[in-house]
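Asker: could you work out the structure for the sequence below:
(4 chains)
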2 protein chains.
Amino acid sequence: MNEGQIELLRGTLDMLVLKIVALGPSHGYAIAQRLQQISKDFFQVHQGSLYPALHRLEDRGWLRAEWKESETGREAKFYSLTKKGRRQMEEEARNWDRLCDAVALVLSAQEMAS
Amino acid sequence: MNEGQIELLRGTLDMLVLKIVALGPSHGYAIAQRLQQISKDFFQVHQGSLYPALHRLEDRGWLRAEWKESETGREAKFYSLTKKGRRQMEEEARNWDRLCDAVALVLSAQEMAS
DNA sequence: TCATATATGTCGACTTCCTAGGTGTTGCGA
DNA sequence: TCGCAACACCTAGGAAGTCGACATATATGA
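Answerer: Just a heads-up that it's a prediction; the model follows:
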């Protein structure tokens, strides 16, 4: 039990969703599946996190929504990345890299000889 | 302005503080300074985050507190890592690595040719 | 004397996540 | 035909953690 992480690290979901949508327009349900698949089951996004996140990203002008027919022949809300959204994604990815570097510095720190 | 990150990624502070304390017992004020120094100014911990975090970690039995005289000759609350705290730190560091791997998978994903 | 550095703490606002619930459709097997 | 799983959307309420602002106190040096 409890494979995958306990809880999504707050603040990472937006970046991940933007990245998935950057791979090609997709609807909520499919975004969750792709995220799980690409991360080899590490990320399991709950609907109660996903849909509010999508609305948030749309409100901020990073995603654009459009009702279309899905692969299975049903109506679904397809999200695509706006220009602003692409810039945001790139910035968040850069920040993520910087964060990883900073955490790595701390985790690898040794007691100073003084 | 606004060098360093906008906001500490929620959930990372505990791991970082545990790691700093693992380098040697330290008091709150010094922990914040070391964290900033080791991360080359990336992490700037605010007092409103730090002290609640220290109390939290103590409540959970990961840190032990003791009043002592600081380097400057004042009374300060020195925190040291408990055994439970060390295990916790190691687990959080492992989870962090797994998280980084998972994020890297997503961020490096390419559009599938289908 | 007054600002700055040292040192600790609280409070309320805000964000974001989770759990738990809800709606409705389609397709499939019993 | 009945029911269940998968598909696809959504919300409400609560928990948790971070931030900004504030409060307190001492020591040092300009």
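Asker: what residues does chain A put near DNA strand D?
Answerer: A:27-30, A:47-48, A:51-52, A:54-55, A:70-72, A:74, A:76-77 (CB under 7 Å from any atom of the strand). Glycine gets a C-beta too; all of them are placed from N, C-alpha and C.
Asker: residues contacting the residue most central in space within chain A?
Answerer: Centroid-nearest residue in chain A: A:Leu16, 1.7 Å away (criterion: CA atoms, centre = their mean). By CB atoms under 8 Å, 6 or more residues apart in numbering or on different chains, A:Leu16 lies in contact with A:Leu35, A:Phe43, B:Val103, B:Val106.
Asker: can we see that at 10 Å?
Answerer: A:8-9, A:31, A:35, A:38-39, A:43, A:45, A:53, A:89, A:92, A:96, B:102-103, B:106-107 (CB atoms under 10 Å, 6 or more residues apart in numbering or on different chains).
Asker: for the lengthiest helix in chain A, packing partners?
Answerer: Criterion DSSP state H: the longest helix present in chain A is helix A:83-107. Here helix A:83-107 touches helix A:12-22, helix A:47-59, strand A:63-69, strand A:75-81, helix B:12-22, helix B:28-38, helix B:83-107, going by 3 or more CB pairs under 10 Å, 6 or more residues apart in numbering or on different chains; DSSP states H and E.
Asker: could I get those as CSV with distance to B:Arg64?
Answerer: Formatted as CSV, those follow (distance: least, CB to CB, whole Å):
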stretch, distance to B:Arg64
helix A:12-22, 32
helix A:47-59, 35
strand A:63-69, 47
strand A:75-81, 49
helix B:12-22, 10
helix B:28-38, 14
helix B:83-107, 8
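Asker: any chance of these in JSON lines, plus distance to B:Glu66 and mean pLDDT?
Answerer: JSON lines is the format used below for the helices and strands packed on helix A:83-107 (distance: least, CB to CB, whole Å; pLDDT from 0 to 100):
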{"stretch": "helix A:12-22", "distance to B:Glu66": "36", "mean pLDDT": "98"}
{"stretch": "helix A:47-59", "distance to B:Glu66": "40", "mean pLDDT": "98"}
{"stretch": "strand A:63-69", "distance to B:Glu66": "51", "mean pLDDT": "97"}
{"stretch": "strand A:75-81", "distance to B:Glu66": "53", "mean pLDDT": "97"}
{"stretch": "helix B:12-22", "distance to B:Glu66": "12", "mean pLDDT": "98"}
{"stretch": "helix B:28-38", "distance to B:Glu66": "13", "mean pLDDT": "97"}
{"stretch": "helix B:83-107", "distance to B:Glu66": "14", "mean pLDDT": "97"}
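Asker: ok, which of these comes nearest B:Arg60?
Answerer: The closest of the helices and strands packed on helix A:83-107 to B:Arg60 is helix B:83-107. By CB to CB, the value is 7.8 Å.
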